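Q: Model the structure of this input:
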Amino acid sequence: MAVAVGILSDTRRRTLEAICDTFAPSIDAPDGDEVLRAFLARSASDLDVAAQIEGLLAQTMQQEEIDALGALIDAFAEQDFAAQSLDARTTIIHAISDSSPEAKLGVRQLRALTFLFFYALPDSAGRNPNWDAISYPLLAVGGESAVLDADVCVLGSGAGGGVIAAELQRAGRQVLVLEMGQYRNEADFKQLELPGLLELYLGGGLSASEDGSISIFAGSTLGGGTVVNYMNCIRTPDHIRREWAQMGVEGIDSPDYDDHIDAVWERLGVTSAATSHNRTHKKLIDACERLGYPHRDLTRNVDTSCEDPRVCGYCFVGCQKGCKQSTMKTFLQDAADAGARFLVGARAERILTEDGRASGVQASVVHGDGTTTSVQVNAPTVVVACGAIETPALLLRSRIGGPAVGKHLRLHPASVVLGVYEQPIDGWIGQIQSALSDEFVGCDGDHGFLIEAIGVTPSIQAMSLPFADGEEHKRTLARIFKYSAPFISVARDHGEGEVVIDNYGRAVTRWSFADDTDARLFRRAMVELSKLHRAAGAKEMMTFHQKRISWREGEDFDDYLREVDAGSLAANDIAAFTAHQMGSCRMGSDPGDSVADGRGELHDCNGVWIGDASAFPTAPGVNPMISIMSLARRTAAVIAARG
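A: This next block holds a predicted model:
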């Protein structure tokens, strides 16, 4: 919900309340269905919609914009709007809307905001009270237990699960989507790091490998990682398609797969038309040009009509403007429009099987008051798309999938070098990611890394900086934060990690820099990132080693690079990150070395399919969303063809 902040006078507030109650009025309907009567009687004021709008305006608008909207509200107040009847208020709204193009835009914005909160604001149980009356498919369960039936149960609603849900519902299957996270939308996206991490990420943004070697960022909300990612859309590289085809993935090297990519690309509205560069990315681009490295603007899944650089830097905690074309805006909406149902806050405990094939899912829903409902879903087809950490954990709890479950985990380990510049960077302003260089993609045989950049956030940067003592850490953050630009590498990992479960059935990730190629690439990346910063004019730079490795203008740069190359990669000696988890339930032709066949169905259990990045045979070396969605669409077509 929006933060309650008072920016309107009492008169403007009362008028706004009356405007909202005109768009969503209380209507007396003594006859008819009880749910419909309650819906018609419920007004915008019953849900405090005007207060929510005021809070949102305070967070997202500049003062001149607030003043302009206030002037529009004043035009209503001058006609004693709040004291008028509903019919009179409706007439006034239309008259003012027709008075000028500016007024029409303002009235439309007020109407849109009213409906956003009236129809999307969830209660403590994750439901909006109006959904039942309009037959919106976000389910609610209560009591000790519940039983649901579906043709297909899709576990997870991110890049893979969202696509498969849409395609199969459109193909005539009755689809039920279970999502472990909660339903959040623009009303919940506060541009604040802490609530965003806690509400939208697996483990509240604090997940890591068992020994702390790498931090794990994975979306956990309706829409999954597509709600929090940076919208970097890259087609599956041709050499990766050939490699996966040789490992047994069916159709990946055929023109049909190109059709799947094209369909995903079009539905997401992928474009570079609105890509613009903040100061961090301008530094990266300048450095690439000075060193002769290729670079290109990102192609992103974005609605170009509603972008706002002032809030784009907070993209990692949800797009407050609704520009990001996540599965919430695209494939999940398609699924819902076609009749699919959704249950949020539902943790899949195990997949149910009979005689070697799927029969359903056992799940649990924890409610806001701490009570739990046990949910059994009866479904002959189960698609597992929980992400490459939770998908293998579910299969392990279910005792299906064979010996390769959890093996072959790839993470695209990311290194960071922080450049500190003379002029302010203000890395929280502007598009969070907008350019990349593939200069080093094949720098180590078939492996290498992309060069990208990211925004800055207080707590994550504070966690990552070296710590000698409290005073030094505070003074460093205060001195550099406004002037810092993080350049990052995203490596195609050569080695593998593993997902296992503990005694409570919880996922445990095991990964390290034990692979020589991965360690060599990580060190090489930090050296190259440092060279880029120097080319861009950084006055200072530092790695995220926990024993400080840094350089300042005037110091010997080659000595610094040698220190970077020799720095420890042992667990907790350096902050490394992964935003791409893949491969832990991979497809392949060998049941001893893969979990699913070349179409995505488990080798050892008919009717259970892998629908997320877990299915990747190896790391693709590029941001994986498009590959996940394209493979998911292909898998959905195979499932649908079975009739």
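
Q: drop to CA atoms for contacts and neighbour counts, all remaining ones
A: OK.

Q: residues touching the closest residue to residue 579 other than its chain neighbours, list them.
A: Leaving aside its sequence neighbours, residue 579 sits nearest to residue 217 (CA to CA, 6 or more residues apart in numbering; 4.9 Å). Counting by CA atoms under 8 Å, 6 or more residues apart in numbering, residue 217 makes contact with 201-202, 205-207, 577-580.

Q: tell me the two of these that are most distant?
A: Based on CA to CA, the longest span within these runs between 206 and 580 and measures 15.2 Å.

Q: just the helices in the stretch 451-600 of the chain please.
A: Assigned by DSSP state H, counting those that start in this stretch, the helices in the stretch 451-600 of the chain fall at 458-464, 470-480, 516-536, 557-566.

Q: Tell me which of those sits nearest to residue 291.
A: Taking the helices of the stretch 451-600 of the chain one by one with CA to CA, helix 516-536 is closest: 7.2 Å.

Q: For that closest one, name the packing helices and strands.
A: Helix 516-536 is packed against helix 279-291, strand 414-420, strand 447-453, strand 484-491, strand 540-543, helix 557-566, with contacts defined by 3 or more CA pairs under 8 Å, 6 or more residues apart in numbering; DSSP states H and E.

Q: just to revisit the earlier point, looking at the helices of the stretch 451-600 of the chain, which one is packed in the most?
A: Among the helices of the stretch 451-600 of the chain, helix 516-536 has the highest mean neighbour count (mean count of other CA atoms under 10 Å), at a mean of 21.

Q: what does that one contact?
A: Here helix 516-536 has contacts from 283-284, 286-288, 290-291, 413-417, 419, 444, 448-449, 451, 487-489, 491, 493-495, 513, 541, 543, 561, 564-566, 569, using CA under 8 Å, 6+ apart.

Q: One more: stretch 286-304?
A: Residues from elsewhere that reach stretch 286-304, judged by CA under 8 Å, 6+ apart: 231-234, 268-275, 285, 323-326, 433-439, 532-536.

Q: try stretch 189-203
A: Residues outside stretch 189-203 that contact it (CA under 8 Å, 6+ apart) are 1-3, 59, 181-182, 204-205, 217-221, 228, 311, 314, 317-320, 457, 459.

Q: which ones among these are found in helices?
A: If you go by DSSP state H, these have 59, 311, 459 in helices.

Q: picking up where we left off before, any quick ChimeraX command for the buried ones out of the contacts of helix 516-536?
A: The ChimeraX command for the buried members of the contacts of helix 516-536 (criterion: 16 or more other CA atoms under 10 Å) is given here:
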select :283,284,286,287,288,413,414,415,416,417,419,448,449,451,487,488,489,491,493,494,495,513,541,543,561,564,565,569
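
Q: in the stretch 301-450 of the chain, which ranges drop under the pLDDT threshold?
A: 307 (pLDDT under 70).

Q: about what we covered before: generate a PyMOL selection restricted to the buried subset of the contacts of residue 217.
A: Restricted to buried positions by 16+ other CA under 10 Å, the PyMOL selection for those reads:
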select buried, resi 201+202+205+207+577+578+579+580
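
Q: just the contacts of residue 217 now: which is nearest residue 641?
A: Of the contacts of residue 217, the one sitting nearest to residue 641 (CA to CA) turns out to be residue 580, at 30.3 Å.

Q: my guess is the closest one contacts residue 627, does it?
A: No: applying CA atoms under 8 Å as the test, residue 580 and residue 627 come out as separate, 11.8 Å apart.

Q: Give me the buried subset of the contacts of stretch 189-203.
A: Among the contacts of stretch 189-203, those buried by neighbour count (16+ other CA under 10 Å) are 1-3, 59, 181-182, 204-205, 217-221, 228, 311, 314, 317-320, 457.

Q: CA atoms of stretch 22-31 as PDB?
A: Presented in PDB, the C-alpha positions along stretch 22-31 are these (Å, rounded to 0.1, in the frame of the first residue of the first chain):
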ATOM      1  CA  THR A  22     -17.900   9.100  -8.200                       C
ATOM      2  CA  PHE A  23     -15.800   6.700 -10.200                       C
ATOM      3  CA  ALA A  24     -16.500   3.900  -7.700                       C
ATOM      4  CA  PRO A  25     -19.700   4.900  -6.000                       C
ATOM      5  CA  SER A  26     -21.800   3.100  -3.400                       C
ATOM      6  CA  ILE A  27     -25.000   1.900  -5.100                       C
ATOM      7  CA  ASP A  28     -28.100   0.600  -3.300                       C
ATOM      8  CA  ALA A  29     -29.200  -2.700  -4.700                       C
ATOM      9  CA  PRO A  30     -31.600  -4.500  -2.300                       C
ATOM     10  CA  ASP A  31     -32.100  -7.500  -4.600                       C
END
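
Q: now it, how far from the chain's geometric center?
A: Relative to the centre of its chain, stretch 22-31 is centred 37 Å away, using CA atoms, centre = their mean, to the nearest Å.

Q: Is it possible to mark the buried ones in the contacts of stretch 286-304?
A: 231-234, 268-272, 274-275, 285, 323-326, 433-439, 532-536.

Q: Out of those, list just those in strands.
A: Mapping those onto strands (DSSP state E) picks out 270-271, 435-439.

Q: Could you pull up the residues touching residue 242?
A: Contacts for residue 242 (CA under 8 Å, 6+ apart) come out as 252-253.

Q: For the remainder of this discussion, apply numbering that starts at 245.
A: Okay, residue one is now 245; in that scheme the one you just asked about reads as residue 486.

Q: Measure how far the helix or strand hosting it is from the centre of its chain, please.
A: In this assignment (DSSP states H and E), residue 486 forms part of helix 482-490. The chain centre lies 27 Å from the centre of helix 482-490; the measure is CA atoms, centre = their mean.

Q: go on, stretch 639-654?
A: Using CA atoms, centre = their mean, the mean C-alpha position of stretch 639-654 is found 25 Å from that of the whole chain.

Q: in it, what's buried?
A: Buried residues in stretch 639-654, counted by 16+ other CA under 10 Å: 639-642, 644-646, 648-654.

Q: Check these and tell me the two furthest apart.
A: Largest separation among those by CA to CA: 642 and 654, giving 22.5 Å.

Q: Need the helices of the stretch 695-844 of the chain in CSV (columns: mean pLDDT and distance to residue 400).
A: As requested, the helices of the stretch 695-844 of the chain are exported to CSV (pLDDT from 0 to 100; distance: least, CA to CA, whole Å):
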stretch, mean pLDDT, distance to residue 400
helix 702-708, 87, 27
helix 714-724, 89, 38
helix 760-780, 98, 30
helix 801-810, 98, 40
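
Q: For those helices, please prepare a markdown table with the additional fields distance to residue 285.
A: Shown next, in a markdown table, are these (distance: least, CA to CA, whole Å):
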| stretch | distance to residue 285 |
| --- | --- |
| helix 702-708 | 45 |
| helix 714-724 | 53 |
| helix 760-780 | 60 |
| helix 801-810 | 66 |
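
Q: out of those helices, nearest to residue 880?
A: helix 760-780 (33.9 Å).

Q: and the closest one with strand 691-697, angle?
A: Counting by axes from the mean of the first three to the mean of the last three CA atoms, to 10 degrees, helix 760-780 lies at 30 degrees to strand 691-697.

Q: Residue 422 in helix, strand or coil?
A: Look at residue 422: counting by DSSP: H, G, I helix; E, B strand; the rest coil, its state is strand.
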